[in-house]
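Student: fold the following.
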Amino acid sequence: MEVEVQLSSNMRKALLVLNCVILSIGNCGGPLVMRLYFVRGGERIWFSSWLETAGWPLILVPLIITYMHRRTKQGSHAKLFFMKPPLFVASAVIGVLTGLDDYFYAYGIAKLPVSTSALIIASQLAFTAAFAFLLVKQKFTSYSVNAIFLLSIGAGVLALHSSSDRPANESNKEYYLGFFMTLAAAALYGFILPLVELTYKKAKQAITYSLVMEIQMVMCFFATVFCTVGMLVNNDFQAIPKEAKEYELGEAKYYLVVVWNGIIMQCFFLGAIGVIFCASSLVAGIVITVLLPVTEILAVIFFDEKFQAEKGVSLALSLWGFVSYFYGEMKDSKKKKNPTPETELPQTVNP
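Tutor: Here you go, the predicted model:
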């Protein structure tokens, strides 16, 4: 039978930090690698969308390790997978939505500079906060409201000079279509994050970290299937060999870019649902938004994009908002040693 141990406060904090680090790698590195594919000759948007979740088999590695660990303690009674059919269906539906979001995001990355697409994605925090309130009855404190306000203002400051980053030889139609597709990606993912949290809450089984990884694998699998259909319709599989040969950095580096694209983006998705498991969808949204200036700085370094004074101001506001939120969380945790069922997920870990 399945043995479950309550997740201690220290373990929960350690897992939260680990998932924040994983999310940071994916959130900052993902857009850069995706943009590198396009600026050096890549043109297949559905293929880029597919790469965002195609790294799902990597999750099998930690799942196998945790299974072997359970088997040493439970013998033949150890379960290989914990996911029940209702949760599988819910994860599959979220996966299809994720695949659609992948396409929106890849289209924006293809048409906009990283600095511009990143600032649009920052609006995701507002969508996450709104949907978290509607779907999971997220409670706000003065500190979380202050953090959302500061992070939103920081994104708005960046928008002041976004038009100066418009790529050369790109039509107004392409630029604005990329803008609105990126905004749609922000809105849809702002809906997906609380939807994942709602799935955790409504699941009629204990949510363990192993189960979280299973959910992530199913989501990414169905997102990949969705994008595979798009690739087949668009004849991307036939075009990839030719595109690789004509890639500016060479054929070998083309495949290196696409492989790392899949690996780094998997870090983003796994980190995001891990943060939701350890904290909430709002925390995941705040971590994603606070990393915006970091992505901006990396875009300046690797793609020679302009770094105006507004980006420095945005960095300061984002860090202020980040500190504000977690200071409030620390104060709140001191007041409440035992979280209430309405605000916290039942968190367990498999030995």
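Student: and Leu100, how far is that from Leu193?
Tutor: In this view, Leu100 and Leu193 are 15 Å apart by CB to CB, to the nearest Å. (Glycine included, C-beta is placed from N, CA and C.)
Student: ditto for Pro57
Tutor: Distance from Pro57 to Leu193, counting by CB to CB: 24 Å.
Student: out of Leu100 and Leu193, which sits in the busier spot?
Tutor: Using other CB atoms under 10 Å, the more surrounded residue of Leu100 and Leu193 is Leu193, with 28 against 18.
Student: could you look up the SS state of the more buried one?
Tutor: With DSSP: H, G, I helix; E, B strand; the rest coil as the basis, Leu193 sits in helix.
Student: alpha carbons only: can I get stretch 89-107 in CSV?
Tutor: Only the C-alpha atoms of stretch 89-107 are listed here, as CSV (Å, rounded to 0.1, in the frame of the first residue of the first chain):
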residue,chain,number,x,y,z
VAL,A,89,-8.5,13.6,-17.8
ALA,A,90,-8.1,16.9,-16.1
SER,A,91,-4.4,16.9,-16.8
ALA,A,92,-5.0,16.0,-20.4
VAL,A,93,-7.4,19.0,-20.9
ILE,A,94,-4.9,21.4,-19.3
GLY,A,95,-2.2,19.9,-21.5
VAL,A,96,-4.2,20.8,-24.7
LEU,A,97,-4.7,24.3,-23.3
THR,A,98,-0.9,24.4,-22.7
GLY,A,99,-0.2,23.4,-26.3
LEU,A,100,-2.4,26.2,-27.5
ASP,A,101,-0.5,28.6,-25.2
ASP,A,102,2.8,27.3,-26.5
TYR,A,103,1.8,28.3,-30.1
PHE,A,104,0.7,31.8,-29.0
TYR,A,105,4.0,32.2,-27.1
ALA,A,106,6.2,30.9,-29.9
TYR,A,107,4.5,33.2,-32.4
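Student: where does the prediction get shaky in the stretch 201-350 of the chain?
Tutor: Within the stretch 201-350 of the chain, the segments meeting pLDDT under 70 span 306-308, 311, 326, 329, 333, 336-350.
Student: same thing but at 50, please
Tutor: 341-350 (pLDDT under 50).
Student: in it, mark out all the strands, start to finish.
Tutor: Counting by DSSP state E, counting those that start in this stretch, one finds strands in the stretch 201-350 of the chain at the ranges 207-208, 347-349.
Student: hmm, Thr289 is touching Ile120, no?
Tutor: No. With contacts counted by CB atoms under 8 Å, Thr289 stays clear of Ile120, the gap being 11.7 Å.
Student: these two - which one has more neighbours?
Tutor: More crowded of Thr289 and Ile120, by other CB under 10 Å: Thr289, with 28 against 23.
Student: the more buried one and Ala126: what is the separation?
Tutor: For Thr289, the distance to Ala126 - CB to CB - is 9 Å.
Student: same question for Leu100.
Tutor: 20 Å.
Student: likewise Cys20?
Tutor: The separation that Cys20 has from Ala126, given CB to CB, amounts to 21 Å.
Student: just Thr295 next, same as before
Tutor: 18 Å.
Student: who has more neighbours, these two?
Tutor: Thr295 (23 against 18).
Student: hmm, that one is touching Gly30, no?
Tutor: No. Using CB under 8 Å, Thr295 is not in contact with Gly30, being 9.0 Å away.
Student: now Leu58. Nearest residue, chain neighbours left out?
Tutor: Gln266 (5.5 Å; CB to CB, 6 or more residues apart in numbering).
Student: again with Thr66
Tutor: Thr66 sits nearest to Ser210 (CB to CB, 6+ apart), 5.0 Å away.
Student: number of nearby residues for the one you found?
Tutor: As a burial measure, Ser210 scores 23 neighbours (other CB under 10 Å).
Student: test my guess that it contacts Ile64.
Tutor: No. If you go by CB under 8 Å, Ser210 and Ile64 don't touch, sitting 10.8 Å apart.
Student: ranges for the helices of the stretch 101-250 of the chain?
Tutor: 114-121, 124-136, 142-158, 172-202, 209-233, 236-246 (DSSP state H, counting those that start in this stretch).
Student: tell me which of those helices sits nearest to Val93.
Tutor: Set against Val93 and scored by CB to CB, the helices of the stretch 101-250 of the chain come closest in helix 209-233, at 8.0 Å.
Student: buried set for that closest one?
Tutor: Residues of helix 209-233 classed as buried: 209-224, 226-228, 230-231 (neighbour count, 16 or more other CB atoms under 10 Å).
Student: surely Arg71 is in contact with Lys79?
Tutor: No. Taking contacts as CB under 8 Å, Arg71 lies outside contact range of Lys79: 9.6 Å.
Student: Leu134 versus the nearest residue to Ala299 once chain neighbours are set aside, what's the distance?
Tutor: Spatial nearest neighbour of Ala299, excluding adjacent residues (CB to CB, 6+ apart): Val114 at 3.9 Å. Computed as CB to CB, the Val114 to Leu134 distance reads 31 Å.
Student: now do Tyr255
Tutor: In terms of CB to CB, Tyr255 sits 43 Å off from Leu134.
Student: likewise for Ser123?
Tutor: Here Ser123 is placed at a distance of 17 Å from Leu134 (CB to CB).
Student: what do you get for His77?
Tutor: Using CB to CB, His77 is found at 41 Å from Leu134.
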